[in-house]
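>>> give me the fold of what follows.
(2 chains)
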Amino acid sequence: MSWDITGLGAIASIGSGPEEIFAALCDGQDGLGTLRAFDLSCYRAHHAYEIDDRAQPGRDEPFRATRWLRTAITQALRDAGLDGGPSRYPMLVGTTMREQRSVELWWRDGVPLGSADLHFGPALRAQFGTPQTYTFANACAATLYTLGMAADLIELDLADTVVVAGTDAITESAFGTLDRVQNDIPDALRPFDNGRRGMLMGEGAVAVVLQRRGMGSVPACARVRAVSMNCDAAHPTAPAPPTISWAIRDAHRRAGLSPADIDVVMLHGSGTRLNDVAEATALAGVFTDAGAAPLMTAIKSMTGHTLGGSGLLSLIMAVLSLQGGVVPPILGLTDPISEADGFQLVRDRPAHADLKTAQINAFGFGGINAVAILERAS
Amino acid sequence: MSGPAAVITGIGLALPDSVGDITDLFDTSAAERGLFDRETGLRGRSMRHKDRASRLALRAAESALHDAGLLDSDTFTGPADRTAVVVSSNLGNLDSVCSFVDIITRDTVTGLSPLGLPHTSSNAVAGWVAIHYGLRGPNLTLCNGPTSGLDALFWTRNLVAVRRSDVAVVIGAEPDTEPVARLLKQDNESAFDGAVAVVVESAEHAQHRGVRARGVLAGYARATDLSAAITAARQPDLRPVQLLTAETFTTRFGYCCGALGVLQCAAGATTLDRDDIDAVLATIGAADGAEAAAALLLTRAEVVA
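Numbers count the residues shown, from 1 in each chain, chains lettered A, B, ... in the order given. The predicted model follows:
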């Protein structure tokens, strides 16, 4: 079975739509900046990839994650030709932190907040009309998990059209605890490079419209061939190569493909010591051992780690890569880690190739992993 | 709806003993196993470095897995690679988020404990349960407002129906913490402080193990109002049902929030197993204009089979 992607939407530090973000990636532009609204004296790390949209510079405001989510879904529905009238489609939202930034502003600064503001259903129903809204807090694998569950919904004949979306705004609690835990103080996110010093968060929201094959009112821009999902069940924050390998192999098996069939891999590539080694080890076991060397890139080098939405942001960029035959480079990659020996990591400039199939990786806290396989629509 | 049916094979509770007699809702052994002392009941080596929601959830999960015959001592004996963890919690990690912000404001990040990192993400509970029992199947966390527990059971049924999982432990957990109390006080609600778990299996897996199915997850809907949800959840099977409304639980336990739907499912399975009833319908009305309503139909196992 396969599923059509008929609409795309995205907002991130480097652009306010999928094409704009993709163009920035290909140009090697990042969204890195000094923290815009947190008190710098409280943190060791001072950088992030934030969306610069606060009404008053330097003063934080609640519900930015919800605002971006509405924007991304609106874009995706319009792209799919579904923006006239109320949208009664199920909407599955993947997130790491929900509206926890608004909770922080409520708790400490007295900004108004109700319990209905913690999840995204009420806001989506108010804007789009659907009561079938689901907020999944599935850490940084959230949006590929929700993509898989949306595909399941169609396979089970419970829907023909599903909106899959995600959003996250940076919280002080998560940024601060990560800052406390990382030994080094990163000033940029540098995936798969020996000079990497850790993860830095980014902000963004994403959405795709997923439809039963041939049911869309516009041509598919790509097809989902498979989504796998599992859990390391080993450590709350450190990834485990064996279960990551298993998730990759399971995605290939579900798609009926072998490692040599994959043309490009969108890495999770979060730039932490542990992730990049674990991810490279798992990929080497699947691809290098099978004599396959797909192109690989890691967009977090320019968007930062956009958390729950990051998997789907990688997937949306993969759609545009498949369409244009272009893969953006990994910004700042000069000295690849030894675990990635033999990988075709794209660096310095975009790579051009005839691309049919893409693999997208996303891993999250709680040891959860999801891997999606996409194919070009035509 | 195609694929194997999803049936309930285990129930576990973790409720403060102040709730009193609950044997009208749950069978005696579940009630006996499920009550804990609020001050001393959540201690022990496996509880260390975990937030209150996770400790409540681990206690309920243990009880449900034991009830389903899937534990040998504390070791999971089922198919670990094909066992999912599905958690419903709306308020679970608010205590971590709020206390970390207080610490950062007062002491900078150097005052934080590195051990708090997992709890900054809203899925910490599901991660801890998976780690404790080595459950490597899909791992989901629903934070979906008042209907979240019923929604979690719907997604569990889907995982079983598409054969992503043969077994799932579904947990609803909500802790009574300082931020939760403050948030709910705005609505004149008091916080629940407990967890409930059900073990869901594919009918064929339960049959293969030779365990009794206590109910089938037979229908579900989420809609703008309750009557629409009820009609859709009962389609196409319109036999009489016994209603299990949200109020049955909230009048006893307070605002159960994300735990509510799982509590209803556990009580519904108990009712089907105990009384001469063919179907139970768990309902959660739209709390206000902004939220949605949901209904979950549970049927007696042999009726479907």
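
>>> how many residues are close by residue 234?
Reading this off chain A. 16 (other CB atoms under 10 Å in any protein chain shown). Backbone N, C-alpha and C define where each C-beta goes, glycine included.

>>> sorry, should have said chain B
18.

>>> now the helices: where do they sit in the chain?
Looking at chain A here, since you left the chain open. A:18-27, A:64-79, A:100-109, A:121-128, A:142-155, A:172-181, A:241-255, A:273-286, A:300-303, A:310-324 (DSSP state H).

>>> chain B is the one I meant
Going by DSSP H, chain B shows helices at B:28-34, B:52-67, B:94-107, B:124-133, B:148-161, B:178-185, B:203-209, B:226-234, B:246-253, B:260-274, B:301-304.

>>> ok, now which ones touch B:V85?
A:231, B:126, B:129-130, B:135, B:137-140, B:168-169, B:171 (CB atoms under 8 Å, 6 or more residues apart in numbering or on different chains).

>>> how about B:D187?
Per CB under 8 Å, 6+ apart, neighbours of B:D187: A:114-115, B:255.

>>> equivalent analysis for A:D348, please.
Neighbour list for A:D348: A:P329 [criterion: CB under 8 Å, 6+ apart].

>>> try it again with 10 Å
A:28, A:329-331, A:333-334 (CB atoms under 10 Å, 6 or more residues apart in numbering or on different chains).

>>> what is the burial count for B:T9?
For B:T9, the neighbour count with other CB under 10 Å is 26.

>>> whatever residue of the stretch 51-200 of chain B ends up closest to chain A: what's its closest spatial neighbour, skipping adjacent residues?
Residue nearest to chain A within the stretch 51-200 of chain B (CB to the nearest CB): B:G127, separated by 2.7 Å. Nearest residue to B:G127, sequence neighbours excluded (CB to CB, 6 or more residues apart in numbering or on different chains): A:G366, at 2.7 Å.

>>> for burial, what's the neighbour tally of that neighbour?
Count around A:G366 with other CB under 10 Å applied: 33.

>>> about what we covered before: look up how far A:A80 lies from the residue of the stretch 51-200 of chain B closest to chain A.
34 Å (CB to CB, to the nearest Å).

>>> do the same with A:P131
A:P131 is 20 Å from A:A80, by CB to CB.

>>> compare the two (neighbour count), which wins?
A:A80 (28 against 23).

>>> tell me how far B:V162 lies from B:G285.
B:V162 is 30 Å from B:G285, by CB to CB.

>>> neighbours of residue 81, how many?
Using chain A. Using other CB under 10 Å: A:G81 sits among 13 other residues.

>>> not what I meant, chain B
Neighbours of B:D81 (other CB under 10 Å): 17.

>>> do the one 3 residues further on as well
Number of residues near B:A84 (other CB under 10 Å) recorded here: 27.

>>> residue contacts, residue 50?
All of this is about chain A. A:E50 touches A:12-13, A:31-38, A:64, A:169-170, A:201-204, A:304, counting by CB under 10 Å, 6+ apart.

>>> ah, I was thinking of chain B
By CB under 10 Å, 6+ apart, the neighbours of B:K50 are A:236, B:42, B:56-58, B:115, B:118-119, B:124-125, B:127-128, B:132.

>>> now do it, the pLDDT please.
With respect to pLDDT, B:K50 scores 93.

>>> so what does it look like in phi/psi?
Backbone geometry at B:K50, expressed as degrees, to the nearest 10, gives phi -120, psi 150.

>>> buried sites along stretch B:276-294?
Neighbour-count burial for stretch B:276-294, with 16 or more other CB atoms under 10 Å in any protein chain shown as criterion, is recorded at B:277-287, B:291-294.

>>> for chain A, state which of those residues is nearest.
So of these, ranked by how close each gets to chain A (CB to the nearest CB), first place is B:A292, at 4.0 Å.

>>> show me what B:T75 bridges to in the sheet.
Here B:T75 sits in beta bridges with B:D72, going by DSSP bridges.

>>> now it: how far from B:S29?
Applying CB to CB, the value for B:T75 to B:S29 is 21 Å.

>>> wait, isn't the residue nearest to B:G127 in contact with A:A139?
Yes - A:G366 is within contact range of A:A139, at 5.5 Å (criterion: CB atoms under 10 Å).

>>> residues from the stretch 201-305 of chain B in reach of chain A?
Proximity of the stretch 201-305 of chain B to chain A, by CB under 10 Å from any CB of the partner chain, involves residues B:220-225, B:228-229, B:255, B:257-258, B:286-294.
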